[in-house]
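>>> based on what follows, work out the 3D shape:
(chains A and B)
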Amino acid sequence: RKEVEQDPGPFNVPEGATVAFNCTYSNSASQSFFWYRQDCRKEPKLLMSVYSSGNEDGRFTAQLNRASQYISLLIRDSKLSDSATYLCVVRRGSQGNLIFGKGTKLSVKP
Amino acid sequence: DTEVTQTPKHLVMGMTNKKSLKCEQHMGHRAMYWYKQKAKKPPELMFVYSYEKLSINESVPSRFSPECPNSSLLNLHLHALQPEDSALYLCASSQLEIGNQPQHFGDGTRLSIL
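A predicted model of the protein is given here:
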């Protein structure tokens, strides 16, 4: 089983739609969780850290369920500019490497 | 705009060449990283420097040689690379290697080996 698994995608949604991405991780010692977005042929950019209580940043909401080892990202009112690959990233322990999921591609259509 | 600057943006080199990739950050971060990313794959960690000392080497072949001259700079020296080394090379930094700080990426060097 891969250490970080994400929905394979691609997700093709119309503008204004709400879309949710899921991610599971296998190492229960994982302590830090992030969502990054990566545009085609660009570097990954931090979208948001994910906290145990859940957190929101504008149209984006991240949730963490430690018991189920599950992370989610919800995007409301999708914009064309949200089209990108979304990477679920987990830090193994407090001093571990970042482990990247394979990413989920989102295409928002007019 | 990225606060981690990488040069060059693109590099084409032959298998016998020697070249270097450079990375610079002025955020006061004490951990710096090199990643390799192939098309349609996630980034793969190569090296971690913490307080200018090599902390992690993910079994990277010796034709890749990292160097951290000071807390703001990270180099990756390349020699006798193979065609399969063609990829996007990403530098990243974080406040510390430990803890829950995220990493911030440079925009990468796209490397092609002829």
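
>>> each with direction, which strands does the helix-or-strand element of chain A with minimal mean pLDDT pair with?
One helix or strand of chain A scores below all others by mean pLDDT, DSSP states H and E: strand A:98-100, with a mean of 91. Taking DSSP bridges as the criterion, strand A:98-100 sits next to strand A:84-92 (antiparallel) in its sheet.

>>> near chain B, which residues of chain A show up?
Contacts of chain A with chain B, taken as Cβ under 8 Å from any Cβ of the partner chain, map to A:31-32, A:34, A:41-46, A:49, A:87, A:91, A:94-95, A:97-98, A:100-103. C-betas here are computed from N, CA, C, even on glycine.

>>> elements contacting whichever helix or strand B:Leu76 is part of?
Element membership for B:Leu76, per DSSP states H and E: strand B:73-79. Contacts defined by 3 or more Cβ pairs under 8 Å, 6 or more residues apart in numbering or on different chains; DSSP states H and E place strand B:73-79 against strand B:18-25, strand B:31-37, strand B:44-50, strand B:64-70.

>>> deepest of the ones you listed, which one?
Comparing the helices and strands packed on strand B:73-79 by mean neighbour count (mean count of other Cβ atoms under 10 Å in any protein chain shown), strand B:31-37 ranks first with a mean of 24.

>>> on that earlier part again, contact partners of the least confident helix or strand of chain A?
A:3-4, A:25, A:27, A:30, A:34, A:36, A:87-92, B:42-43, B:45, B:103 (Cβ atoms under 8 Å, 6 or more residues apart in numbering or on different chains).

>>> tell me which residues in the helix or strand following that strand are buried?
Downstream of strand A:98-100, the next assigned helix or strand under DSSP H and E is strand A:104-109. Neighbour counts over strand A:104-109 (16 or more other Cβ atoms under 10 Å in any protein chain shown) mark A:Thr104, A:Lys105, A:Leu106, A:Val108 as buried.

>>> what separates A:Ser83 from chain B, distance-wise?
Distance, A:Ser83 to chain B, by Cβ to the nearest Cβ, to the nearest Å: 16 Å.

>>> centroid residue for chain B?
B:Trp34 (2.9 Å; Cα atoms, centre = their mean).

>>> and it, bridged to which residues?
B:Phe47, B:Cys91.

>>> so what's it up against?
Neighbour list for B:Trp34: B:Cys23, B:Leu45, B:Met46, B:Phe47, B:Phe64, B:Pro66, B:Leu74, B:Leu76, B:Tyr89, B:Leu90, B:Cys91 [criterion: Cβ under 8 Å, 6+ apart].

>>> how about the CA coordinates for stretch B:66-86, as CSV?
Only the C-alpha atoms of stretch B:66-86 are listed here, as CSV (Å, rounded to 0.1, in the frame of the first residue of the first chain):
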residue,chain,number,x,y,z
PRO,B,66,25.1,18.8,-3.2
GLU,B,67,26.8,21.7,-1.5
CYS,B,68,25.6,24.2,1.0
PRO,B,69,28.1,27.2,1.0
ASN,B,70,26.0,29.2,3.6
SER,B,71,22.5,29.3,5.1
SER,B,72,21.0,31.0,2.0
LEU,B,73,22.6,29.0,-0.8
LEU,B,74,22.2,25.4,-2.0
ASN,B,75,24.0,24.0,-5.0
LEU,B,76,23.7,20.8,-6.9
HIS,B,77,26.8,19.8,-8.9
LEU,B,78,26.1,17.5,-11.9
HIS,B,79,28.7,15.3,-13.6
ALA,B,80,28.4,12.4,-16.1
LEU,B,81,24.6,12.4,-16.0
GLN,B,82,22.5,9.9,-17.9
PRO,B,83,19.5,10.6,-20.2
GLU,B,84,17.1,9.2,-17.5
ASP,B,85,18.3,12.1,-15.2
SER,B,86,16.3,14.5,-17.4
